[in-house]
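Undergrad: Any chance you can model this:
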Amino acid sequence: MKYQSLIIISALLALGGCGSDDDENVTPEPSYVSINDATSLKIVVDSIDSTTKAVTFSLTTNEGEPVTGAGANYTVMYLNIPGEQVSAFSIPWHKGVRFACSDSSDVCSGTLSATDTAGKYQFTPGSLEKLGTTVGQLKLAININGTLAQTKTDLLDIPSA
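TA: Numbers count the residues shown, from 1 in each chain. The predicted structure follows:
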């Protein structure tokens, strides 16, 4: 009986001595979620280069967690919509260039790359010559797909050069 009590007391003292009150030096693990585990996706465009039309954006869940691993399933469209035109369609006459990549494709158009910050990406388009030289309003639509969610597609204005 004395030995059991001695063992229990020794174990409690050993466990009690493992704690530390020095929590100031603890660095929290970064919180992020993989593109295929995210149940919601949200894009916020940070900047658009007016010359190259490269887009830098943040990809997060609706809860604000950075999303990593995007780049294999995307569609990015650049649209040139000339001035006022009469059209029976909801999107007036336009020229467009589409860049895409998917898991089932061996070739991707444009380049989507992650930056050094989790959840930050840059999309660099290939040739935009098909947009033509007609002066109009440039618009951008980005769609990123994961296994469980995809981004909402919005048409964004692109600043002119």
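Undergrad: Could you use CA atoms for every contact and neighbour count after this?
TA: Fine.
Undergrad: now the strands: where do they sit in this protein?
TA: Listed in chain order, the strands found in the chain under DSSP state E are 33-34, 42-48, 55-60, 67-68, 74-82, 95-101, 111-114, 120-124, 136-144, 156-157.
Undergrad: Can you check what angle separates the third one from strand 120-124?
TA: Here strand 55-60 runs at an angle of 150 degrees relative to strand 120-124 (axes from the mean of the first three to the mean of the last three Cα atoms, to 10 degrees).
Undergrad: Just want the most central residue of this structure.
TA: For the chain, the residue nearest the mean C-alpha position is L59 (2.6 Å; Cα atoms, centre = their mean).
Undergrad: what sits opposite that one in the beta ladder?
TA: Note on L59: beta-bridge partners I43, judged by DSSP bridges.
Undergrad: okay, it: pLDDT?
TA: What the model reports for L59 is a pLDDT of 97.
Undergrad: With distance to Q150 as extra columns, can I get the strands of the chain in JSON lines?
TA: As requested, the strands of the chain are arranged in JSON lines below (distance: least, Cα to Cα, whole Å):
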{"stretch": "strand 33-34", "distance to Q150": "13"}
{"stretch": "strand 42-48", "distance to Q150": "8"}
{"stretch": "strand 55-60", "distance to Q150": "11"}
{"stretch": "strand 67-68", "distance to Q150": "12"}
{"stretch": "strand 74-82", "distance to Q150": "9"}
{"stretch": "strand 95-101", "distance to Q150": "14"}
{"stretch": "strand 111-114", "distance to Q150": "16"}
{"stretch": "strand 120-124", "distance to Q150": "16"}
{"stretch": "strand 136-144", "distance to Q150": "6"}
{"stretch": "strand 156-157", "distance to Q150": "17"}
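Undergrad: Check those strands for me and report the most buried one.
TA: Per residue and on average, the most neighbours among these fall to strand 67-68, with a mean of 23 (mean count of other Cα atoms under 10 Å).
Undergrad: which strands and helices sit next to that strand?
TA: The criterion is 3 or more Cα pairs under 8 Å, 6 or more residues apart in numbering; DSSP states H and E, and the helices and strands that strand 67-68 contacts are strand 33-34.
Undergrad: switch to 10 Å and redo it
TA: Packing contacts for strand 67-68, counted by 3 or more Cα pairs under 10 Å, 6 or more residues apart in numbering; DSSP states H and E, involve strand 33-34, strand 55-60, strand 120-124.
Undergrad: wait, which of those strands is closest to V107?
TA: Closest to V107 of those is strand 120-124 (Cα to Cα; 15.2 Å).
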